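*Asks:* sequence and predicted structure, then a few things I'm wondering about:
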Amino acid sequence: MVARSRHDGGVSNDALPQMRPDTLAVHGGRDDLLSLGVHAPPLDLSSTYPLTSFEDGGDSLEALLTGGGPTSGGFVYSRAWNPTVARFETALAALEHADGAVAFASGMAAITGSIMAAMMRKEGRHIVAVRPLYGGTDALLDSGALGTEVTWCEAKTVSDAVRDDTCLVVIESPGNPTLDLVDIAAVVEAAGGAPVLVDNTFATPVLQNPLDLGASLVVHSATKYLGGHGDVLGGVVAGSHDWIEAIRPVRALTGGVLHPLAGYLLHRGLPTLPVRVRTAQENAARIAAWLDEHDLVARVHYPGLPGADPEGLIGRQMHGPGAMVAFRPVGGHAQVVRLCESVKLFTHAVSLGGVDSLIEAPEAFTHRMVDADEKPDADVIRLSIGLEDVEDLITDLDQALRASL
Ligand SMILES: *Cc1c(COP(=O)(O)O)cnc(C)c1O
(Lines give C-alpha, C1' and ligand atoms only; values in the text may rest on other atoms or scores of the structure.)
Protein backbone atom coordinates (compact mmCIF):
# COMPACT_ATOMS: atom_id res chain seq x y z
CA MET A 1 0.00 0.00 0.00
CA VAL A 2 1.65 3.18 -1.17
CA ALA A 3 -0.22 5.34 1.30
CA ARG A 4 0.98 3.15 4.12
CA SER A 5 4.63 3.28 3.09
CA ARG A 6 4.45 7.05 3.00
CA HIS A 7 2.89 6.86 6.42
CA ASP A 8 5.11 4.26 7.98
CA GLY A 9 6.87 6.85 10.08
CA GLY A 10 9.99 5.10 8.94
CA VAL A 11 11.71 8.09 7.40
CA SER A 12 15.25 7.45 8.48
CA ASN A 13 18.77 8.63 7.98
CA ASP A 14 19.96 5.15 7.09
CA ALA A 15 21.29 6.24 3.72
CA LEU A 16 23.05 9.24 5.18
CA PRO A 17 25.20 8.29 8.17
CA GLN A 18 28.52 8.93 6.49
CA MET A 19 27.45 12.24 4.95
CA ARG A 20 28.75 15.64 5.97
CA PRO A 21 26.56 18.28 7.65
CA ASP A 22 25.73 20.32 4.53
CA THR A 23 24.52 17.17 2.79
CA LEU A 24 22.51 16.07 5.83
CA ALA A 25 20.88 19.51 5.94
CA VAL A 26 19.67 19.12 2.35
CA HIS A 27 18.70 15.44 2.37
CA GLY A 28 17.71 14.68 5.98
CA GLY A 29 14.17 13.39 6.46
CA ARG A 30 13.74 12.90 2.71
CA ASP A 31 15.10 9.45 2.01
CA ASP A 32 11.75 8.01 0.91
CA LEU A 33 10.81 10.78 -1.54
CA LEU A 34 12.16 8.97 -4.57
CA SER A 35 10.12 5.88 -3.78
CA LEU A 36 7.05 8.06 -3.29
CA GLY A 37 7.64 9.62 -6.71
CA VAL A 38 7.68 13.16 -5.32
CA HIS A 39 10.38 15.81 -5.06
CA ALA A 40 9.07 17.90 -2.16
CA PRO A 41 8.03 16.31 1.15
CA PRO A 42 4.27 15.83 1.50
CA LEU A 43 2.46 17.95 4.08
CA ASP A 44 0.10 15.79 6.15
CA LEU A 45 -2.50 17.85 8.00
CA SER A 46 -4.58 14.93 9.28
CA SER A 47 -5.66 15.22 12.89
CA THR A 48 -6.69 11.56 13.00
CA TYR A 49 -5.78 8.46 10.99
CA PRO A 50 -7.77 5.43 9.90
CA LEU A 51 -6.96 2.48 12.13
CA THR A 52 -5.72 -0.42 10.00
CA SER A 53 -7.44 -2.90 12.29
CA PHE A 54 -8.80 -2.93 15.82
CA GLU A 55 -5.86 -4.93 17.15
CA ASP A 56 -3.03 -3.26 15.19
CA GLY A 57 -4.41 0.22 15.84
CA GLY A 58 -4.35 -0.46 19.56
CA ASP A 59 -0.80 -1.77 19.36
CA SER A 60 0.33 1.32 17.50
CA LEU A 61 -1.32 3.67 19.99
CA GLU A 62 0.33 1.76 22.83
CA ALA A 63 3.74 2.06 21.11
CA LEU A 64 3.27 5.78 20.50
CA LEU A 65 2.15 6.57 24.04
CA THR A 66 5.12 4.72 25.52
CA GLY A 67 7.66 6.59 23.42
CA GLY A 68 8.16 4.29 20.44
CA GLY A 69 7.41 4.97 16.78
CA PRO A 70 4.20 3.95 15.04
CA THR A 71 3.67 0.31 14.06
CA SER A 72 1.62 -1.16 11.22
CA GLY A 73 -1.48 0.00 13.10
CA GLY A 74 -0.94 3.55 11.80
CA PHE A 75 -0.44 6.92 13.44
CA VAL A 76 -3.78 6.91 15.25
CA TYR A 77 -3.87 10.59 16.25
CA SER A 78 -1.73 13.60 15.37
CA ARG A 79 -0.99 14.53 19.00
CA ALA A 80 0.89 11.22 19.21
CA TRP A 81 2.59 11.27 15.79
CA ASN A 82 2.62 13.30 12.63
CA PRO A 83 4.69 12.22 9.62
CA THR A 84 5.51 15.75 8.44
CA VAL A 85 6.77 16.67 11.90
CA ALA A 86 8.68 13.37 11.97
CA ARG A 87 10.58 14.39 8.83
CA PHE A 88 11.84 17.53 10.54
CA GLU A 89 12.75 15.51 13.65
CA THR A 90 14.65 12.95 11.59
CA ALA A 91 16.64 15.62 9.76
CA LEU A 92 17.44 17.56 12.94
CA ALA A 93 18.54 14.38 14.71
CA ALA A 94 20.99 13.69 11.89
CA LEU A 95 22.39 17.23 12.13
CA GLU A 96 22.81 16.93 15.91
CA HIS A 97 24.31 13.41 15.76
CA ALA A 98 21.40 12.16 17.85
CA ASP A 99 19.39 8.95 17.75
CA GLY A 100 16.20 10.95 17.55
CA ALA A 101 14.46 14.25 18.16
CA VAL A 102 11.09 15.43 19.43
CA ALA A 103 9.59 18.64 18.10
CA PHE A 104 7.35 20.92 20.16
CA ALA A 105 5.13 23.93 19.58
CA SER A 106 7.89 26.33 20.73
CA GLY A 107 11.35 26.37 22.23
CA MET A 108 9.83 26.88 25.68
CA ALA A 109 7.58 23.84 25.19
CA ALA A 110 10.65 21.77 24.22
CA ILE A 111 12.53 22.95 27.31
CA THR A 112 9.49 22.28 29.50
CA GLY A 113 9.05 18.78 28.03
CA SER A 114 12.73 18.01 28.56
CA ILE A 115 12.67 19.13 32.18
CA MET A 116 9.51 17.11 32.89
CA ALA A 117 11.01 14.00 31.30
CA ALA A 118 14.23 14.45 33.29
CA MET A 119 12.27 14.73 36.55
CA MET A 120 10.26 11.60 35.73
CA ARG A 121 13.35 9.58 34.78
CA LYS A 122 15.18 10.47 37.96
CA GLU A 123 12.17 10.65 40.23
CA GLY A 124 13.86 13.81 41.48
CA ARG A 125 13.21 17.48 40.97
CA HIS A 126 16.59 19.10 41.63
CA ILE A 127 18.03 21.09 38.73
CA VAL A 128 21.37 22.84 38.41
CA ALA A 129 21.26 25.84 36.10
CA VAL A 130 24.11 28.03 34.88
CA ARG A 131 23.36 31.70 34.19
CA PRO A 132 23.10 33.44 31.83
CA LEU A 133 20.22 31.60 30.18
CA TYR A 134 17.52 32.76 27.79
CA GLY A 135 15.14 34.98 29.80
CA GLY A 136 12.20 32.60 29.37
CA THR A 137 14.19 29.58 30.59
CA ASP A 138 15.53 31.58 33.52
CA ALA A 139 12.04 32.76 34.49
CA LEU A 140 10.55 29.26 34.05
CA LEU A 141 13.12 27.70 36.36
CA ASP A 142 13.00 30.59 38.82
CA SER A 143 9.20 30.50 39.02
CA GLY A 144 9.10 26.90 40.22
CA ALA A 145 6.10 26.41 37.92
CA LEU A 146 7.23 22.88 37.07
CA GLY A 147 7.87 21.93 40.68
CA THR A 148 11.63 22.09 40.22
CA GLU A 149 14.10 22.97 42.95
CA VAL A 150 16.87 24.95 41.26
CA THR A 151 20.44 25.62 42.31
CA TRP A 152 21.86 28.49 40.26
CA CYS A 153 25.60 28.48 39.77
CA GLU A 154 28.44 29.37 37.45
CA ALA A 155 29.95 26.91 35.02
CA LYS A 156 32.99 26.47 37.23
CA THR A 157 30.95 25.61 40.34
CA VAL A 158 28.67 22.99 38.78
CA SER A 159 30.40 20.13 40.63
CA ASP A 160 29.56 21.77 43.99
CA ALA A 161 25.94 22.32 42.99
CA VAL A 162 25.21 18.80 41.71
CA ARG A 163 23.55 16.42 44.19
CA ASP A 164 22.61 12.74 44.11
CA ASP A 165 19.06 13.72 43.22
CA THR A 166 19.98 16.18 40.46
CA CYS A 167 17.89 15.25 37.43
CA LEU A 168 19.30 17.80 34.97
CA VAL A 169 22.02 20.42 34.49
CA VAL A 170 20.89 23.24 32.20
CA ILE A 171 23.36 25.37 30.25
CA GLU A 172 23.48 27.57 27.17
CA SER A 173 26.48 28.43 24.99
CA PRO A 174 26.95 31.01 23.62
CA GLY A 175 25.06 32.57 26.52
CA ASN A 176 22.20 34.96 25.98
CA PRO A 177 22.78 37.93 25.78
CA THR A 178 26.46 38.32 26.72
CA LEU A 179 27.64 35.61 24.29
CA ASP A 180 29.98 34.16 26.90
CA LEU A 181 31.04 30.66 25.95
CA VAL A 182 30.63 27.79 28.40
CA ASP A 183 32.98 24.80 28.15
CA ILE A 184 30.38 22.10 27.55
CA ALA A 185 32.72 19.12 27.97
CA ALA A 186 33.99 20.56 31.27
CA VAL A 187 30.42 21.00 32.56
CA VAL A 188 29.59 17.41 31.55
CA GLU A 189 32.58 16.21 33.54
CA ALA A 190 31.72 18.41 36.52
CA ALA A 191 28.15 17.08 36.44
CA GLY A 192 29.57 13.67 37.29
CA GLY A 193 26.92 11.60 35.57
CA ALA A 194 23.98 13.97 35.99
CA PRO A 195 22.51 14.58 32.52
CA VAL A 196 23.36 17.90 30.88
CA LEU A 197 20.96 19.79 28.61
CA VAL A 198 22.49 22.36 26.26
CA ASP A 199 20.42 25.08 24.64
CA ASN A 200 22.09 25.22 21.22
CA THR A 201 19.80 27.87 19.71
CA PHE A 202 22.53 30.48 19.19
CA ALA A 203 25.16 28.11 17.80
CA THR A 204 22.94 25.85 15.67
CA PRO A 205 24.14 22.34 14.71
CA VAL A 206 26.20 24.00 11.98
CA LEU A 207 28.59 25.46 14.55
CA GLN A 208 28.27 23.16 17.55
CA ASN A 209 27.15 19.60 18.39
CA PRO A 210 26.77 19.34 22.18
CA LEU A 211 26.01 15.59 22.14
CA ASP A 212 29.51 14.96 20.76
CA LEU A 213 30.84 16.76 23.84
CA GLY A 214 28.99 14.45 26.22
CA ALA A 215 25.73 16.35 26.71
CA SER A 216 22.59 14.18 27.06
CA LEU A 217 20.12 16.57 25.45
CA VAL A 218 20.40 19.39 22.95
CA VAL A 219 17.50 21.79 22.61
CA HIS A 220 16.66 24.48 20.06
CA SER A 221 14.21 27.26 19.76
CA ALA A 222 13.51 26.29 16.14
CA THR A 223 11.81 29.68 15.83
CA LYS A 224 15.27 31.15 15.35
CA TYR A 225 17.95 29.87 12.95
CA LEU A 226 16.39 26.49 12.11
CA GLY A 227 13.29 28.12 10.60
CA GLY A 228 15.35 31.14 9.68
CA HIS A 229 12.66 33.29 8.09
CA GLY A 230 10.81 34.69 11.08
CA ASP A 231 7.56 33.00 10.13
CA VAL A 232 7.28 29.91 12.33
CA LEU A 233 7.34 29.15 16.05
CA GLY A 234 8.74 25.80 17.15
CA GLY A 235 11.14 23.93 19.38
CA VAL A 236 12.99 20.64 19.29
CA VAL A 237 15.05 18.45 21.59
CA ALA A 238 17.44 15.73 20.43
CA GLY A 239 19.19 12.90 22.25
CA SER A 240 19.61 9.15 22.66
CA HIS A 241 16.85 6.55 22.09
CA ASP A 242 16.38 6.36 25.85
CA TRP A 243 15.74 10.05 26.22
CA ILE A 244 13.52 10.23 23.15
CA GLU A 245 11.38 7.44 24.58
CA ALA A 246 11.05 9.44 27.78
CA ILE A 247 10.22 12.75 26.09
CA ARG A 248 7.71 11.62 23.43
CA PRO A 249 5.08 10.47 25.93
CA VAL A 250 5.46 13.79 27.79
CA ARG A 251 4.73 15.62 24.55
CA ALA A 252 1.75 13.41 23.77
CA LEU A 253 0.34 13.85 27.28
CA THR A 254 0.95 17.57 27.69
CA GLY A 255 -0.03 18.34 24.10
CA GLY A 256 2.57 20.95 23.17
CA VAL A 257 2.88 19.49 19.68
CA LEU A 258 4.31 21.23 16.64
CA HIS A 259 1.71 21.96 13.99
CA PRO A 260 2.44 19.99 10.78
CA LEU A 261 2.64 23.18 8.71
CA ALA A 262 5.24 24.50 11.15
CA GLY A 263 7.04 21.14 10.86
CA TYR A 264 6.96 21.49 7.08
CA LEU A 265 8.39 25.02 7.20
CA LEU A 266 11.10 24.07 9.69
CA HIS A 267 12.10 21.10 7.56
CA ARG A 268 12.15 23.40 4.54
CA GLY A 269 14.46 25.78 6.40
CA LEU A 270 17.12 23.18 7.13
CA PRO A 271 18.69 22.83 3.66
CA THR A 272 19.78 26.48 3.69
CA LEU A 273 20.78 26.48 7.38
CA PRO A 274 24.53 26.00 6.80
CA VAL A 275 24.83 28.74 4.17
CA ARG A 276 22.62 31.10 6.16
CA VAL A 277 24.61 30.61 9.35
CA ARG A 278 28.00 30.96 7.68
CA THR A 279 27.05 34.09 5.72
CA ALA A 280 25.43 35.73 8.75
CA GLN A 281 28.50 34.82 10.78
CA GLU A 282 30.80 36.51 8.24
CA ASN A 283 28.67 39.66 8.44
CA ALA A 284 28.63 39.51 12.25
CA ALA A 285 32.42 39.15 12.52
CA ARG A 286 32.82 42.19 10.29
CA ILE A 287 30.27 44.23 12.29
CA ALA A 288 31.79 43.23 15.66
CA ALA A 289 35.24 44.33 14.52
CA TRP A 290 33.82 47.61 13.18
CA LEU A 291 31.86 48.30 16.39
CA ASP A 292 34.98 47.53 18.42
CA GLU A 293 36.77 50.45 16.69
CA HIS A 294 33.82 52.86 16.89
CA ASP A 295 34.26 55.90 19.15
CA LEU A 296 30.61 55.81 20.26
CA VAL A 297 30.86 52.18 21.43
CA ALA A 298 32.16 51.40 24.91
CA ARG A 299 32.34 47.61 24.67
CA VAL A 300 31.55 44.80 22.22
CA HIS A 301 30.62 41.24 23.22
CA TYR A 302 31.46 38.79 20.46
CA PRO A 303 33.33 35.52 20.97
CA GLY A 304 35.31 36.06 17.76
CA LEU A 305 37.04 39.24 18.95
CA PRO A 306 40.65 39.04 20.17
CA GLY A 307 40.74 38.05 23.85
CA ALA A 308 37.01 37.16 23.97
CA ASP A 309 37.56 33.40 24.06
CA PRO A 310 40.29 32.85 26.66
CA GLU A 311 39.68 29.11 26.84
CA GLY A 312 40.03 28.66 23.10
CA LEU A 313 36.60 27.10 22.68
CA ILE A 314 36.22 28.34 19.13
CA GLY A 315 37.78 25.64 17.03
CA ARG A 316 37.58 23.09 19.85
CA GLN A 317 33.91 23.31 20.77
CA MET A 318 32.45 25.63 18.14
CA HIS A 319 33.31 25.90 14.46
CA GLY A 320 32.94 29.68 14.57
CA PRO A 321 31.79 32.60 16.74
CA GLY A 322 28.25 32.78 15.31
CA ALA A 323 26.08 35.64 14.13
CA MET A 324 24.92 37.23 17.37
CA VAL A 325 26.67 40.40 18.59
CA ALA A 326 26.10 42.46 21.73
CA PHE A 327 27.52 45.89 22.53
CA ARG A 328 27.33 48.85 24.90
CA PRO A 329 27.13 52.36 23.42
CA VAL A 330 29.03 55.08 25.31
CA GLY A 331 25.79 56.88 26.23
CA GLY A 332 24.41 54.07 28.41
CA HIS A 333 20.74 53.14 28.69
CA ALA A 334 19.44 56.46 27.34
CA GLN A 335 21.41 55.93 24.15
CA VAL A 336 20.24 52.31 23.96
CA VAL A 337 16.62 53.48 23.85
CA ARG A 338 17.27 56.12 21.17
CA LEU A 339 19.47 53.80 19.14
CA CYS A 340 16.83 51.07 18.98
CA GLU A 341 14.40 53.70 17.72
CA SER A 342 16.84 55.22 15.20
CA VAL A 343 17.66 52.21 13.04
CA LYS A 344 16.22 52.14 9.54
CA LEU A 345 17.40 48.83 8.04
CA PHE A 346 17.59 46.78 11.25
CA THR A 347 14.20 45.96 12.76
CA HIS A 348 13.66 46.79 16.43
CA ALA A 349 12.29 43.41 17.52
CA VAL A 350 12.97 40.46 19.80
CA SER A 351 13.81 37.02 18.38
CA LEU A 352 16.81 36.22 16.23
CA GLY A 353 18.29 33.94 13.64
CA GLY A 354 16.30 35.10 10.62
CA VAL A 355 17.44 36.28 7.21
CA ASP A 356 16.98 39.92 8.28
CA SER A 357 18.87 41.78 11.01
CA LEU A 358 17.21 42.60 14.33
CA ILE A 359 18.13 44.87 17.26
CA GLU A 360 16.84 44.77 20.84
CA ALA A 361 17.76 45.58 24.44
CA PRO A 362 17.75 42.32 26.48
CA GLU A 363 17.18 44.00 29.84
CA ALA A 364 13.89 45.51 28.65
CA PHE A 365 12.66 42.75 26.37
CA THR A 366 14.06 39.21 26.06
CA HIS A 367 15.19 39.16 29.71
CA ARG A 368 12.41 41.32 31.16
CA MET A 369 11.07 38.47 33.32
CA VAL A 370 14.46 37.65 34.85
CA ASP A 371 14.97 38.39 38.54
CA ALA A 372 16.09 42.04 38.98
CA ASP A 373 19.48 41.09 40.46
CA GLU A 374 20.25 38.70 37.64
CA LYS A 375 19.15 40.80 34.68
CA PRO A 376 21.56 41.85 31.95
CA ASP A 377 22.77 45.46 32.25
CA ALA A 378 20.44 48.11 30.85
CA ASP A 379 23.18 49.48 28.55
CA VAL A 380 23.48 46.28 26.48
CA ILE A 381 22.15 46.06 22.93
CA ARG A 382 21.81 42.72 21.17
CA LEU A 383 22.06 42.34 17.41
CA SER A 384 20.95 39.34 15.38
CA ILE A 385 22.86 39.71 12.14
CA GLY A 386 21.15 38.59 8.95
CA LEU A 387 22.00 38.20 5.30
CA GLU A 388 21.85 41.79 4.06
CA ASP A 389 24.94 43.37 2.51
CA VAL A 390 27.20 44.04 5.48
CA GLU A 391 28.07 47.56 4.24
CA ASP A 392 24.39 48.54 4.38
CA LEU A 393 24.12 47.15 7.93
CA ILE A 394 27.19 49.12 8.99
CA THR A 395 25.85 52.31 7.39
CA ASP A 396 22.60 51.90 9.32
CA LEU A 397 24.31 51.23 12.66
CA ASP A 398 26.63 54.18 12.13
CA GLN A 399 23.80 56.64 11.45
CA ALA A 400 21.82 55.23 14.42
CA LEU A 401 24.83 55.52 16.76
CA ARG A 402 25.31 59.18 15.73
CA ALA A 403 21.59 60.03 15.79
CA SER A 404 21.21 58.57 19.28
CA LEU A 405 24.08 60.35 21.01
C1 LIG B 1 13.89 32.16 21.83
C2 LIG B 1 14.69 31.26 22.69
C3 LIG B 1 14.09 30.26 23.46
C4 LIG B 1 12.58 30.09 23.53
O5 LIG B 1 12.08 29.69 22.29
P6 LIG B 1 10.55 30.01 21.80
O7 LIG B 1 10.52 29.34 20.46
O8 LIG B 1 10.41 31.49 21.75
O9 LIG B 1 9.65 29.39 22.80
C10 LIG B 1 14.91 29.43 24.19
N11 LIG B 1 16.24 29.57 24.18
C12 LIG B 1 16.86 30.51 23.46
C13 LIG B 1 18.34 30.63 23.50
C14 LIG B 1 16.11 31.40 22.69
O15 LIG B 1 16.72 32.36 21.99
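*Replies:* Thanks, I have the structure now.

*Asks:* which ones are touching the residue in the stretch 301-405 of the chain that the ligand sits nearest to?
*Replies:* Taking C-beta to the nearest ligand atom, the ligand has its nearest neighbour within the stretch 301-405 of the chain at L352, 6.1 Å off. For glycine as for every other residue, the C-beta is placed from the backbone atoms N, C-alpha and C. Going by C-beta atoms under 8 Å, 6 or more residues apart in numbering, L352 touches F202, K224, Y225, M324, L358, R382, S384.

*Asks:* again, 6 Å this time
*Replies:* Residues counted as contacts of L352 (C-beta atoms under 6 Å, 6 or more residues apart in numbering) are K224, S384.

*Asks:* ramachandran angles for the nearest residue in space to A349 that is not next to it in sequence?
*Replies:* Nearest residue to A349 in three dimensions, chain neighbours excluded: L358, at 5.0 Å (C-beta to C-beta, 6 or more residues apart in numbering). When read as degrees, to the nearest 10, the backbone of L358 gives phi -120, psi 150.

*Asks:* what about the helices in the stretch 101-250 of the chain?
*Replies:* 107-122, 135-143, 158-161, 184-191, 204-207, 241-254 (DSSP state H, counting those that start in this stretch).

*Asks:* buried residues in the second one?
*Replies:* For helix 135-143, burial by neighbour count (16 or more other C-beta atoms under 10 Å) applies to G135, G136, T137, D138, A139, L140, L141, D142.

*Asks:* how near is the residue lying closest to P195 once chain neighbours are set aside to the ligand?
*Replies:* Closest residue in space to P195, ignoring its immediate chain neighbours: S216 at 3.7 Å, by C-beta to C-beta, 6+ apart. According to C-beta to the nearest ligand atom, to the nearest Å, S216 stands 17 Å off from the ligand.

*Asks:* so which bits of the chain are right by the ligand?
*Replies:* Counting by C-beta under 6 Å from any ligand atom, the chain comes close to the ligand at 106-108, 134, 136-137, 172, 176, 199, 201-202, 221, 223-224, 233, 235.

*Asks:* E311 should be in a helix, yeah?
*Replies:* No. E311: not assigned to a helix; according to DSSP: H, G, I helix; E, B strand; the rest coil it is coil.

*Asks:* so who does it touch?
*Replies:* Contacts of E311 (C-beta under 6 Å, 6+ apart): D183.

*Asks:* quick one: pLDDT of it?
*Replies:* For E311, the pLDDT comes out at 95.

*Asks:* likewise N13?
*Replies:* Looking at N13, its pLDDT reads 65.

*Asks:* what are the boundaries of the strands in this protein?
*Replies:* 100-104, 126-130, 149-153, 166-172, 196-199, 217-221, 235-239, 297-301, 324-329, 347-348, 358-360, 381-384 (DSSP state E).

*Asks:* mean confidence for the lengthiest helix in the chain?
*Replies:* Of all segments of type helix in the chain, defined using DSSP state H, the longest is helix 273-293. For helix 273-293, mean pLDDT rounds to 98.

*Asks:* okay, angle between it and strand 324-329 too, please.
*Replies:* Counting by axes from the mean of the first three to the mean of the last three C-alpha atoms, to 10 degrees, helix 273-293 lies at 20 degrees to strand 324-329.

*Asks:* now do the buried residues in helix 273-293.
*Replies:* Buried, per 16+ other C-beta under 10 Å, within helix 273-293: 273-274, 276-281, 283-285, 287-288, 290-292.

*Asks:* quick one: which two of those residues are the most distant?
*Replies:* L273 and D292 (27.7 Å; C-beta to C-beta).

*Asks:* next, count neighbours for the nearest residue to A185 once chain neighbours are set aside.
*Replies:* Leaving aside its chain neighbours, A185 sits nearest to L213 (4.5 Å; criterion: C-beta to C-beta, 6+ apart). Neighbour count of L213, defined by other C-beta atoms under 10 Å: 20.

*Asks:* low-scoring stretches of the stretch 151-300 of the chain, by residue?
*Replies:* Within the stretch 151-300 of the chain, no range satisfies pLDDT under 70.

*Asks:* in it, what residue comes closest to the ligand?
*Replies:* Counting by C-beta to the nearest ligand atom, the stretch 151-300 of the chain gets nearest the ligand through S221, at 3.0 Å.

*Asks:* try the stretch 1-150 of the chain
*Replies:* Counting by C-beta to the nearest ligand atom, the stretch 1-150 of the chain gets nearest the ligand through G107, at 2.3 Å.

*Asks:* need the contact list for that residue.
*Replies:* S221, T223, G235.

*Asks:* can I get those residues in JSON lines with neighbour count?
*Replies:* JSON lines is the format used below for the contacts of G107 (neighbours: other C-beta atoms under 10 Å):
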{"residue": "S221", "neighbour count": "29"}
{"residue": "T223", "neighbour count": "24"}
{"residue": "G235", "neighbour count": "28"}
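
*Asks:* need the residue closest to the centroid of the protein.
*Replies:* Residue closest to the average C-alpha location in the chain (C-alpha atoms, centre = their mean): H220, at 1.6 Å.

*Asks:* dump the residue contacts of that one.
*Replies:* N200, T201, L226, V236 are the contacts of H220 under C-beta under 6 Å, 6+ apart.

*Asks:* most neighbours out of those residues, which is it?
*Replies:* L226 (29 neighbours).

*Asks:* report the separation between it and A203.
*Replies:* L226 is 12 Å from A203, where distance means C-beta to C-beta, to the nearest Å.

*Asks:* if we can go back for a sec, ok, the residue nearest to A349 - how many residues close by?
*Replies:* 20.

*Asks:* please consider this matter closed, and thank you.
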